[in-house]
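Student: when you get a sec, could you give me coordinates for this:
(one chain, ligands or ions: 1)
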Amino acid sequence: MIGVIDSGVGGVSVLREIIKRGINAKFIYYSDSVNNPYGDKSDIEVYSIVKKIVEYLLNMGCITIVIACNTASAICVKRLRIEYPDILFIAIEPAYKMVYDYNREGKTLVMATEGTIKSEKFLALYNKYNNHKTILLPCKGLAELIEEGNEDKINQYLVNKLNKYKDIDNVVLGCTHYPLIKNNIKNIIGEVKFFDGSLGVSWELIRQLKKRGITFDNKSYSVEFIDSSGDISKKMRFRNLLNNIL
Ligand code: DGL
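Tutor: Now for the predicted structure:
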């Protein structure tokens with residue numbers, strides 16, 4: 001069983017890529033909407049929240065955990081790997097290396113939560129692949145609006161935030177909620193190349209499962225959805241998002 005964690009429905013963008021790779025596992029997707037946003041919380045708070053979810057998923061029988069949240073990955077994964085050495089943790093990170101590999105000459109906008117942008121893990125990545133044409137843009141409050149699903153509010157937010165970036169070539173979607181609003185972003189800044197970490201996570205998961213000899217012999221995958229608020233509408237939204245993007 002594979003656990004997938006995010007602070008809401010955004011991590012569906014990661015689960016989609018994993019399912020596309022044909023991993024026939026039983027997935028438990030844990031959407032922690034009660035604690036959304038993680039991006040504004042202190043490292044200590046985020047770690048203690050995520051640790052509780054990890055414990056819950058381990059008790060449910062998960063042996064592999066995908067952290068489908070850039071903020072939680074940036075803050076927690078190093079420590080989790082030390083505390084749970086037998087568990088395979090796969091952690092997303094903003095796809096800034098992909099920009100370096102595929103379009104390093106382009107003017108680049110990195111959109112992410114404040115927590116991710118300020119983290120040691122992201123800064124190491126940024127310093128390693130910095131193309132000197134990069135703007136780091138913390139998007140406080142955006143993940144919450146996407147979680148809420150109000151298109152008008154999302155568009156208003158994006159107009160205010162992105163209007164001055166119409167000459168951008170690359171956009172790094174450094175929060176797993178942001179791939180859900182790619183079209184809204186495009187409507188404001190025009191055609192750009194998008195980069196997000198979900199593809200990298202899906203391949204890394206395959207690599208690590210193979211390395212450890214972990215296989216799943218089910219005929220197809222299944223997904224159990226749990227939301228910390230218990231709000232039933234979250235489940236419907238998640239199912240719709242998963243079906244629409246597969
Ligand atoms: N999906 C989370 C991320 O990737 C959302 C951030 C938040 O909860 O603030 O960072």
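
Student: which helix runs longest in this structure?
Tutor: Identified as the longest helix of the chain according to DSSP state H is helix 43-59.

Student: so what secondary structure elements neighbour that helix?
Tutor: Contacts defined by 3 or more Cβ pairs under 8 Å, 6 or more residues apart in numbering; DSSP states H and E place helix 43-59 against strand 2-6, strand 26-31, strand 64-67, helix 70-83. The C-beta positions use only the backbone N, C-alpha and C, and glycine is treated the same way.

Student: the first one close to the ligand?
Tutor: Yes - Strand 2-6 comes into contact with the ligand when judged by Cβ under 6 Å from any ligand atom, the residues involved being residue 6.

Student: next one: the third one
Tutor: No - with Cβ under 6 Å from any ligand atom as the criterion, the ligand is not reached by strand 64-67; the gap is at least 9.1 Å.

Student: pLDDT of that strand, averaged?
Tutor: The average pLDDT within strand 64-67 is 98.

Student: what's the closest of the helices and strands packed on helix 43-59 to residue 49?
Tutor: helix 70-83 (8.2 Å; Cβ to Cβ).

Student: which strands or helices does the closest one pack on?
Tutor: helix 43-59, strand 64-67, strand 88-91, helix 114-118, helix 120-129.

Student: in the longest one, what counts as buried?
Tutor: Judged by neighbour count (16 or more other Cβ atoms under 10 Å), helix 43-59 contains these buried residues: 43, 46, 47, 49, 50, 53, 54, 56, 57, 58.

Student: again, but for the last one
Tutor: Residues of helix 120-129 classed as buried: 121, 122, 125, 129 (neighbour count, 16+ other Cβ under 10 Å).

Student: for residue 108, give me its contacts.
Tutor: Residues in contact with residue 108 (Cβ atoms under 8 Å, 6 or more residues apart in numbering) are 96, 99, 131, 133, 134, 135, 168, 169, 170, 171, 172.

Student: 7 Å instead, please
Tutor: 99, 131, 133, 134, 169, 170, 172 (Cβ atoms under 7 Å, 6 or more residues apart in numbering).

Student: surely the first one is in a helix?
Tutor: Yep, that's residue 99 we're talking about. Yes - Residue 99 sits within a helix when classified using DSSP: H, G, I helix; E, B strand; the rest coil.

Student: state the distance from it to residue 172.
Tutor: Look at residue 99 and residue 172: by Cβ to Cβ, to the nearest Å, they are 6 Å apart.

Student: how about the residue nearest the centre of the chain: what's its closest non-neighbour residue?
Tutor: Closest to where the C-alpha atoms of the chain average out (Cα atoms, centre = their mean) is residue 176, at 3.0 Å. Excluding its sequence neighbours, the residue lying closest to residue 176 (Cβ to Cβ, 6 or more residues apart in numbering) is residue 10, at 4.2 Å.

Student: count the neighbours of the one you found for me.
Tutor: Here the count is done by other Cβ atoms under 10 Å, and residue 10 has 24 residues near it.

Student: and residue 195, what helix or strand is that in?
Tutor: Using DSSP states H and E, residue 195 falls within strand 193-196.

Student: who does that strand touch, helix- and strand-wise?
Tutor: When contacts are defined as 3 or more Cβ pairs under 7 Å, 6 or more residues apart in numbering; DSSP states H and E, strand 193-196 sits against helix 96-103, strand 170-173.

Student: send me the helix or strand bottoming out on mean pLDDT in the chain as PDB with only the CA atoms.
Tutor: Using mean pLDDT, DSSP states H and E, helix 232-245 stands out as the lowest-scoring helix or strand of the chain, at a mean of 89. Output of helix 232-245 as PDB, limited to C-alpha atoms (Å, rounded to 0.1, in the frame of the first residue of the first chain):
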ATOM      1  CA  ILE A 232     -17.700  14.800   1.900                       C
ATOM      2  CA  SER A 233     -17.500  17.500  -0.800                       C
ATOM      3  CA  LYS A 234     -13.700  17.200  -0.800                       C
ATOM      4  CA  LYS A 235     -14.000  13.600  -1.800                       C
ATOM      5  CA  MET A 236     -16.200  14.500  -4.800                       C
ATOM      6  CA  ARG A 237     -13.900  17.200  -5.900                       C
ATOM      7  CA  PHE A 238     -10.900  14.900  -5.600                       C
ATOM      8  CA  ARG A 239     -12.700  12.200  -7.600                       C
ATOM      9  CA  ASN A 240     -13.600  14.700 -10.300                       C
ATOM     10  CA  LEU A 241     -10.100  16.000 -10.500                       C
ATOM     11  CA  LEU A 242      -8.600  12.600 -10.700                       C
ATOM     12  CA  ASN A 243     -11.000  11.400 -13.400                       C
ATOM     13  CA  ASN A 244     -10.700  14.600 -15.400                       C
ATOM     14  CA  ILE A 245      -6.900  14.600 -15.500                       C
END
